[in-house]
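Asks: Have a look; sequence and predicted model below, questions after that.
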Amino acid sequence: MTMATDGALLRTLWLASPALPVGGFSYSEGLEAAVDAGRVHDEATAAAWLVDQLLIGPARSDFAVAAQAIMAWRANDLARVRDLNAWVLHTRETSELRLQAEQMGRSLLAWAQSLGDFGAPLLRQLTDARLDPPTWPVASACAAAHGEATPRDALVGLAFGWAENMVQAAIKAVPLGQGTGQRLLARLVQAIPAAVDEALALEDDQRQAFTPMLAILSSRHETQYSRLFRS
C-alpha cells in the first residue's frame, strides 16, 4: 500500500515539476501583456491577476477538461478523449494560446517516447487516441491517469505546476523578487483547492473558456514590440 501511495505521489510531483520538458516556463498566458499594459505592476496587482486567472480560467476550462479526461483515459474511452481534446482546440481564444496547448501536448508525447519502456504504455495510449494534435490538458491527463493518484490529487498537482510557472513569469516580467514570488505562490496555494473542487464539479455544459480581457491582451501580445514569453 505504501509503495502504491509513493508511486502516485511521485508521478504527481513529476508532472508538476518545472523540470518536465514541455516548455511551460516559456509562456506567461497573457501576463506579460498585462504588465505591458500597466494592469500588473506590483505584488498586489500580480496577486489579484493570478488568482483571478486561476479561478476564471483554468478552473473552468483546462482543469475541468483534465478531470474528465483522466476518467476517460482510465476507461480507455478514446472517443470521449477526442471530444475533450477538440473542445480545447475549439475554445482557445487566440492563436498563441492555441499554439501553447498544442506545443505542450506534443512535448509531453515526446517525453513519453524518451522514457523508453517506462513510458511505453503512456505513449501507446496517446498514439492510439489519434489526437491531431494532442493538447496539454488532455495529454497531461493521460500521464496522470497512468498513476494511481485520485483525479483530485492529480489536479492539485497540475494546478500547482501551473501556479509555479505563472509566478516565475511574474517574477521576470513585472519584475518582482524571489520573496515576493513566494508570497504570490502562497496566495495561489490557498486558492487551488477551491479551483480544483470547482473543476471536478463541472459537467460538459458548464465548462467555459470565456476570458475576454485575457483574450484581448493575448492578441496584443502576438505583436508586442518586446517579449520574454511566447504567450
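Replies: Done, it's in.

Asks: Return the alpha-carbon coordinates of stretch 23-35 using CSV.
Replies: The C-alpha coordinates for stretch 23-35 follow below in CSV (Å, rounded to 0.1, in the frame of the first residue of the first chain):
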residue,chain,number,x,y,z
GLY,A,23,8.1,24.2,-22.1
GLY,A,24,5.6,25.6,-19.6
PHE,A,25,8.2,28.1,-18.3
SER,A,26,8.3,29.8,-21.7
TYR,A,27,4.6,31.0,-21.5
SER,A,28,3.0,33.8,-19.5
GLU,A,29,-0.5,33.2,-20.7
GLY,A,30,-1.2,36.9,-21.2
LEU,A,31,0.5,38.1,-18.0
GLU,A,32,3.4,39.7,-20.0
ALA,A,33,0.9,41.7,-22.0
ALA,A,34,-0.9,42.7,-18.8
VAL,A,35,2.4,44.1,-17.5
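
Asks: for it, the distance to its chain's centre please.
Replies: 12 Å (CA atoms, centre = their mean, to the nearest Å).

Asks: Next, the buried residues of that stretch.
Replies: By neighbour count on 16 or more other CB atoms under 10 Å, the buried set for stretch 23-35 is Gly23, Gly24, Tyr27, Ser28, Glu29, Gly30, Leu31, Glu32, Ala33, Ala34, Val35. From N, CA and C alone the C-beta is placed, and that goes for glycine too.

Asks: ok, now stretch 205-220?
Replies: Neighbour-count burial for stretch 205-220 [16+ other CB under 10 Å]: Arg207, Ala209, Thr211, Leu214, Ala215, Leu217, Ser218, Ser219.

Asks: swap in stretch 103-110?
Replies: Gln103, Met104, Gly105, Arg106, Ser107, Leu108, Leu109.

Asks: for the residue nearest the centre of the chain, what are its contacts?
Replies: In the chain, the residue lying closest to the centroid (CA atoms, centre = their mean) is Trp162, at 5.2 Å. Neighbour list for Trp162: Gly24, Leu54, Pro58 [criterion: CB atoms under 8 Å, 6 or more residues apart in numbering].

Asks: at 7 Å instead, please
Replies: Counting by CB atoms under 7 Å, 6 or more residues apart in numbering, Trp162 makes contact with Pro58.

Asks: now Pro137
Replies: Taking CB under 7 Å, 6+ apart, one finds Asp62, Val65, Ala66, Ala69, Val88 in contact with Pro137.

Asks: quick one: which of the residues you listed sit in helices?
Replies: Among those, the members falling in helices (DSSP state H) are Asp62, Val65, Ala66, Ala69, Val88.

Asks: Thank you, goodbye.
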